[in-house]
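# Predicted model and sequence below, questions to follow.
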Amino acid sequence: MNRVSKKYGIRDWKKRSSIHALVLETVRRKNVIDRFLSLALKSGSIHKTHPILRNILRVATYEMKFTMTSPQLATDTAVKIGKEKLGEKQSKFISVLLGEIEKIGLRNLYREFGDIERDSLRYYFPVWFVKYLIKLFGGRNSTINFLQKSNTLPRVFIRVNTLKITRKKLIRMMEKEGIKCKVDTDLEDVIEILKTEKPIVRHPLHYKGFFTIQDKSSALASHILHPNPGETVLDICAAPGSKTTHLAQLMKNNGKIVAIDISQRRMKELIRRTKEFGIKIVQPIVMDAKMLNLKRKFDKICVDPPCSSTGVLWSRPSQRWRITKRLIEKFSRLQYDILSSSANFIREGGQIIYSTCSVTIEENEMVIEKFLKHNPDFQLKSSDPMIGQQGFRGLTECQRLFPHKHGTEGFFIATMVC
């Protein structure tokens with residue numbers, strides 16, 4: 001979005017927001033939109049068409065079927081763009097196909113499908129993932145609650161930078177600016193944004209480093225690790241720095257945090273954030289977390305490895321079309337390797353926290369089970385504070401959060417001591 005806005009000189013945040021919403025909501029409904037297109041095509045596949053043509057048709061179908069835009073206006077706009085980008089012949093094809101789509105009712109989409117396939121189309125999720133959730137939650141009702149919640153407007157949380165300002169003072173300043181917000185009763189440095197005229201990320205208070213956008217579930221992980229001033233902390237897969245800066249403020253900018261990440265680009269963002277927050281205790285190191293080469297051991301370690309992001313489908317609906325079973329298995333192997341490598345650098349009596357923004361068993365409980373099996377010196381410790389629910393597969397010390405149950409992104413947290 002930023003690249004496109006820069007390319008076409010779109011600086012008005014209202015226009016950018018409108019474009020972003022159009023793209024986001026079209027992508028969210030990709031499966032049902034492609035179903036409309038397939039029915040209209042009658043033969044052939046929408047996936048074999050030119051990418052520009054395919055996406056012109058998708059946006060036009062979204063506008064025609066899911067907004068107040070008239071079919072004529074949606075068609076005329078698509079035909080005009082198609083003619084400019086692809087020529088006269090393709091613009092005529094667009095007109096004919098959208099004419100066919102206009103005739104198709106929603107009931108036609110579900111014909112000859114069972115419950116799971118219908119749920120997939122109704123709530124805009126892959127069939128395999130709907131099946132996975134039914135198995136995870138043990139039933140269709142909880143699954144539908146998850147799917148429905150994932151298609152609502154996500155809650156917006158910010159974390160106060162207590163190194164610069166108190167939560168109470170920040171709320172007063174926000175209210176003067178017309179921002180409606182409320183304190184979170186579970187975490188002392190979290191605020192929920194209820195209403196704001198423009199995106200909170202564009203507010204001057206954000207640019208001053210008074211707060212950062214961070215989901216409550218993510219902020220919870222740092223509170224559970226509970227680093228104290230003067231301690232040494234190893235932050236694995238640290239960039240772009242949300243947890244790093246949070247750990248530093250919980251330590252009152254006193255102690256040492258070694259922040260590891262494999263990406264030079266993302267590490268630059270972490271360094272920028274630490275400067276913006278006034279943090280001076282972070283040592284950034286670009287390194288592969290699977291092959292750590294460090295000269296010291298640490299009091300506490302935060303492991304937040306790459307994951308499938310199945311927990312953030314509420315705020316990132318496009319992610320639902322990128323996830324595959326194979327990708328989940330790949331992440332699971334990577335997560336175990338990173339956790340195992342990190343564990344070599346915890347001091348005796350130290351504490352490790354493992355967290356992901358994934359809801360899958362393979363990336364969470366099964367990683368922890370495998371790790372504990374091969375590292376008998378470690379044992380699970382109960383999560384505190386516990387604001388979610390206990391983990392699956394009997395791992396009651398672990399904590400899970402779900403959007404439909406706890407009003408946060410999907411998250412998993414496990415704490416281990418040695």
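Received, thanks.
# In a helix, residue 187, correct?
No. Counting by DSSP: H, G, I helix; E, B strand; the rest coil, residue 187 is not part of a helix but coil.
# hey, where'd the helices end up in the stretch 101-250 of the chain?
For the stretch 101-250 of the chain, helices defined by DSSP state H, counting those that start in this stretch occupy the ranges 106-110, 115-123, 127-137, 140-149, 167-176, 204-207, 216-225, 242-250.
# beta partners of the closest residue to residue 158 other than its chain neighbours?
Once flanking residues are discounted, residue 158 sits nearest to residue 211: 4.4 Å by C-beta to C-beta, 6 or more residues apart in numbering. Placement of C-beta: from N, CA and C, glycine included. Note on residue 211: beta-bridge partners residue 160, judged by DSSP bridges.
# okay, now residue 211: neighbour count?
For residue 211, the tally of surrounding residues (other C-beta atoms under 10 Å) stands at 26.
# State which helix of this protein is the longest.
Longest among the helix segments of the chain by residue count, using DSSP state H, is helix 325-343.
# residues in contact with that one?
Helix 325-343 is contacted by residues 128, 234, 236-237, 289-292, 301, 303, 305-308, 310, 352, 354, 356, 358, 360, 362-363, 366-367, 370-371, 374-375, 378, 418 when judged by C-beta atoms under 8 Å, 6 or more residues apart in numbering.
# Residue 404: how many residues sit nearby?
As a burial measure, residue 404 scores 18 neighbours (other C-beta under 10 Å).
# residues contacting the residue nearest to residue 158?
The neighbours of residue 211, taking C-beta under 8 Å, 6+ apart as the test, are 158, 159, 160, 161, 170, 191, 205.
# Tell me who's in contact with the closest residue to the second one other than its chain neighbours.
The shortest distance from residue 159 to any residue other than its chain neighbours is 4.4 Å, reached at residue 214 (C-beta to C-beta, 6+ apart). For residue 214, the contacting residues are 157, 158, 159, 190, 242, 246, by C-beta under 8 Å, 6+ apart.
# which among the residues you listed end up buried?
When burial is judged by neighbour count using 16 or more other C-beta atoms under 10 Å, the buried members of the contacts of residue 214 are 157, 158, 159, 190, 242, 246.
# Throw those into a markdown table and include distance to residue 36, thanks.
Output for the buried ones among the contacts of residue 214, formatted as a markdown table (distance: C-beta to C-beta, whole Å):
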| residue | distance to residue 36 |
| --- | --- |
| 157 | 35 |
| 158 | 38 |
| 159 | 41 |
| 190 | 41 |
| 242 | 38 |
| 246 | 44 |
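# quick one: the helix or strand residue 267 falls within to helix 242-250, angle?
Secondary structure assigned from DSSP states H and E places residue 267 in helix 264-277. Our comparison of helix 264-277 with helix 242-250, counting by axes from the mean of the first three to the mean of the last three C-alpha atoms, to 10 degrees, yields an angle of 30 degrees.
# what packs against helix 264-277?
Applying 3 or more C-beta pairs under 8 Å, 6 or more residues apart in numbering; DSSP states H and E, we find helix 264-277 packed against helix 242-250, strand 256-261, strand 282-286.
# try it again with 6 Å
For helix 264-277, the helices and strands in contact under the criterion 3 or more C-beta pairs under 6 Å, 6 or more residues apart in numbering; DSSP states H and E are strand 282-286.
# where does the stretch 1-150 of the chain have low pLDDT?
Counting by pLDDT under 70, the ranges of the stretch 1-150 of the chain that qualify are 1-2.
# let's go with 80 and repeat that
Along the stretch 1-150 of the chain, the model assigns pLDDT under 80 to residues 1-14, 43-44.
# could you pull out the strands for it?
Defined through DSSP state E, counting those that start in this stretch, the strands belonging to the stretch 1-150 of the chain form an empty list.
# residue nearest the centroid of this structure?
residue 312 (3.3 Å; C-alpha atoms, centre = their mean).
# and it, what does it touch?
Contacts for residue 312 (C-beta atoms under 6 Å, 6 or more residues apart in numbering) come out as 357, 409.
# And what about it, helix, strand or coil?
In the three-state summary, residue 312 is assigned as coil, counting by three-state DSSP.
# Can you add distance to residue 386 and give the helices of the stretch 101-250 of the chain back as TSV?
Compiled in TSV, these are given as follows (distance: least, C-beta to C-beta, whole Å):
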stretch	distance to residue 386
helix 106-110	41
helix 115-123	29
helix 127-137	20
helix 140-149	20
helix 167-176	22
helix 204-207	30
helix 216-225	9
helix 242-250	18
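# Tell me the gap between the longest strand anywhere in the chain and the middle of its chain.
Looking only at the chain and at elements set by DSSP state E, the strand with the highest residue count is strand 346-356. Mean-position distance between strand 346-356 and its chain equals 24 Å (C-alpha atoms, centre = their mean, to the nearest Å).
# now do stretch 221-235
Using C-alpha atoms, centre = their mean, we find the averaged C-alpha position of stretch 221-235 to lie 23 Å away from the chain's own average C-alpha position.
# List of residues touching it?
With contact meaning C-beta under 6 Å, 6+ apart, stretch 221-235 is reached by 187, 243-244, 246-247, 250-252, 254-259, 298-302, 345, 353, 355, 383, 413, 415.
# Repeat that for stretch 167-187.
Residues from elsewhere that reach stretch 167-187 (C-beta under 6 Å, 6+ apart): 160, 190, 191, 192, 193, 194, 195, 196, 210, 219, 223, 387.
# Would you mind naming the residues that bridge with the fifth one?
To tie it back to what came earlier, the one meant is residue 193. Under the criterion used (DSSP bridges), residue 193 bridges to residue 156, residue 181.
# Contact partners for it?
Applying C-beta under 6 Å, 6+ apart, the residues near residue 193 are 156, 181, 200.
# Just the pLDDT for residue 182.
At residue 182 the predicted local distance difference test score is 96.
# That one and residue 411: what is the separation?
Taking C-beta to C-beta, to the nearest Å as the measure, residue 182 falls 21 Å from residue 411.
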